[in-house]
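Asker: got a structure for you, letters missing:
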């Protein structure tokens, strides 16, 4: 009976994860056709949530990464994930660049779009792997965001599999 309840709980967790991923994809598609500011802020937030999932799978105390936890900021989550070797240097740099792009959009004093001559945005974009002077800013952001989501999703999938395997009778 106990093994069944563990399997049911794991199944519920996997169902919730799939639903979350589906909602994320749907939200990204909706935002992709709208203004750049909400698109960047929401997608960066989704990436931060995914990073928190990676961290919560590798620690005993998920409260550390909650809204009042010691590592509640996006920056802190990135730093601790790198320090714990959950992410490599390239992923660390790309996630930090996404955070910096998000900050450029969030703190702009007026409307901001990819392709603008905003020096803060332009500097943030230089943090991406693959950046060149001729890079299309939106395409580069989307490519690196997608790469980060895939890498973090893979880590979450692996952690769920390992947890399920270690809980098996």
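Answerer: Happy to help now that I have it. Quick caveat, the model's predicted, so the values are computed rather than measured. Numbers count the residues shown, from 1 in each chain.
Asker: show me what contacts residue 118?
Answerer: When the contact criterion is Cβ atoms under 8 Å, 6 or more residues apart in numbering, the partners of residue 118 are 104, 108, 112. Using the backbone N, CA and C atoms, a C-beta is placed for each residue, glycine as well.
Asker: export those to JSON lines and tack on neighbour count, secondary structure and distance to residue 150?
Answerer: As requested, these are exported to JSON lines (neighbours: other Cβ atoms under 10 Å; DSSP: H, G, I helix; E, B strand; the rest coil; distance: Cβ to Cβ, whole Å):
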{"residue": "104", "neighbour count": "21", "secondary structure": "helix", "distance to residue 150": "24"}
{"residue": "108", "neighbour count": "15", "secondary structure": "coil", "distance to residue 150": "28"}
{"residue": "112", "neighbour count": "19", "secondary structure": "coil", "distance to residue 150": "27"}
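Asker: what's the closest of these to residue 127?
Answerer: Proximity of those to residue 127 was ranked by Cβ to Cβ; the top entry is residue 104 with 11.0 Å.
Asker: just checking, the closest one touches residue 121?
Answerer: Yes. With contact defined as Cβ atoms under 8 Å, residue 104 counts as touching residue 121 (4.2 Å).
Asker: quick one: common contacting residues for those two?
Answerer: Among the neighbours of residue 104, those also in contact with residue 121 (Cβ under 8 Å, 6+ apart) are residue 112.
Asker: just the helices in the protein please.
Answerer: Applying DSSP state H to the chain gives helices spanning 2-32, 36-58, 74-83, 89-106, 119-125, 137-167.
Asker: where among the ones you listed is the average confidence lowest?
Answerer: Mean pLDDT across those is lowest at helix 2-32; the value there is a mean of 57.
Asker: got the contact list for residue 92?
Answerer: Residue 92 sits next to 78, 81-82 when contact means Cβ under 8 Å, 6+ apart.
Asker: okay, those residues in CSV with distance to residue 49 and neighbour count next?
Answerer: As requested, the contacts of residue 92 are arranged in CSV below (distance: Cβ to Cβ, whole Å; neighbours: other Cβ atoms under 10 Å):
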residue, distance to residue 49, neighbour count
78, 13, 23
81, 13, 24
82, 18, 17
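Asker: would you list those residues in a markdown table and tack on distance to residue 37?
Answerer: What follows is the contacts of residue 92, written out as a markdown table (distance: Cβ to Cβ, whole Å):
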| residue | distance to residue 37 |
| --- | --- |
| 78 | 22 |
| 81 | 26 |
| 82 | 28 |
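Asker: which of the residues you listed sits closest to residue 144?
Answerer: Residue 144 has its nearest neighbour among the contacts of residue 92 in residue 78, at 13.9 Å by Cβ to Cβ.
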